[in-house]
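*Asks:* need a structure here:
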Amino acid sequence: SVTALERPIRVGVVGCGVQGRAHLRALRAFAPGHATVAGLCDLDAERLEQAGADWPEARRTRDFAGLFAHGALDLALLCTMPNTHARIAVAALQAGAHVVVEKPFAMNATEAETIVDAAELADRCVHLGTNMRYMPHAQYLRYVFASGRIGEALQCRVFGGHRDPPWWAPHYNRATSSGGVLASTLIHPLDMALYVCGYPRPVTV
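*Replies:* Predicted structure coming up:
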């Protein structure tokens with residue numbers, strides 16, 4: 001396979017709303033030659049046009065199937081609502097792309113397993129957009145726990161709540177976002193806590 005050192009990673013972004021634009025800004029910040037946006041997909045023509053202004057070389061489409069049809073992507077970033085994740089992720093994996101899925105990952109465990117099974121069958125990686133584990137304080141705490149200097153974690157408490165509905169997407173709508181607001185945001189500190197502790201097997205939740 002071709003590596004990023006031989007040519008830029010060809011990235012496709014599905015969903016050009018708030019999260020999609022955040023990913024596009026991050027891609028723009030990469031060192032030259034590491035990644036390029038080769039495809040953009042959104043149902044909203046205006047958002048698609050705005051995203052494409054910064055990446056004029058990217059193929060634009062309102063149909064995700066068309067985005068993957070040519071098999072020309074190395075990585076697909078899924079920035080749509082959770083009720084679309086399973087079918088888009090499976091299509092991307094079958095087309096040979098690795099996949100990063102924004103959270104919530106899927107509508108239910110069955111859909112999540114479908115995505116994971118498709119990744120295994122395609123021999124591709126699928127990753128959930130839990131970014132807090134990569135922050136410096138989380139990396140340091142993980143190092144401290146892994147070193148054994150403070151012993152074994154016996155209990156972990158994670159609290160979360162929302163005073164206002166999320167402004168960036170309708171995660172208050174269970175029909176499109178499954179677990180709702182908590183699944184959209186509480187997953188971040190929950191994942192970070194489990195990561196820091198070395199992913200112990202939960203006894204109760």
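*Asks:* Can you name every helix or strand that the worst-scoring helix or strand of the chain on mean pLDDT contacts?
*Replies:* The helix or strand of the chain with the lowest confidence, counting by mean pLDDT, DSSP states H and E, is helix 180-185 at a mean of 76. Identification of packing neighbours for helix 180-185 by 3 or more Cβ pairs under 8 Å, 6 or more residues apart in numbering; DSSP states H and E yields helix 174-177. (Each C-beta comes from the backbone N, C-alpha and C, glycine too.)
*Asks:* which parts of the longest helix along the chain are buried?
*Replies:* Determined from DSSP state H, the single longest helix within the chain is helix 109-122. Buried residues in helix 109-122, counting neighbours by 16 or more other Cβ atoms under 10 Å, are found at 111, 112, 114, 115, 118, 119, 122.
*Asks:* Just list the residues touching the nearest residue to the first one once chain neighbours are set aside, thanks.
*Replies:* Okay, so that is residue 111. Once flanking residues are discounted, residue 111 sits nearest to residue 86: 4.1 Å by Cβ to Cβ, 6 or more residues apart in numbering. For residue 86, the contact set (Cβ atoms under 8 Å, 6 or more residues apart in numbering) comprises 106, 107, 111, 112, 114, 115.
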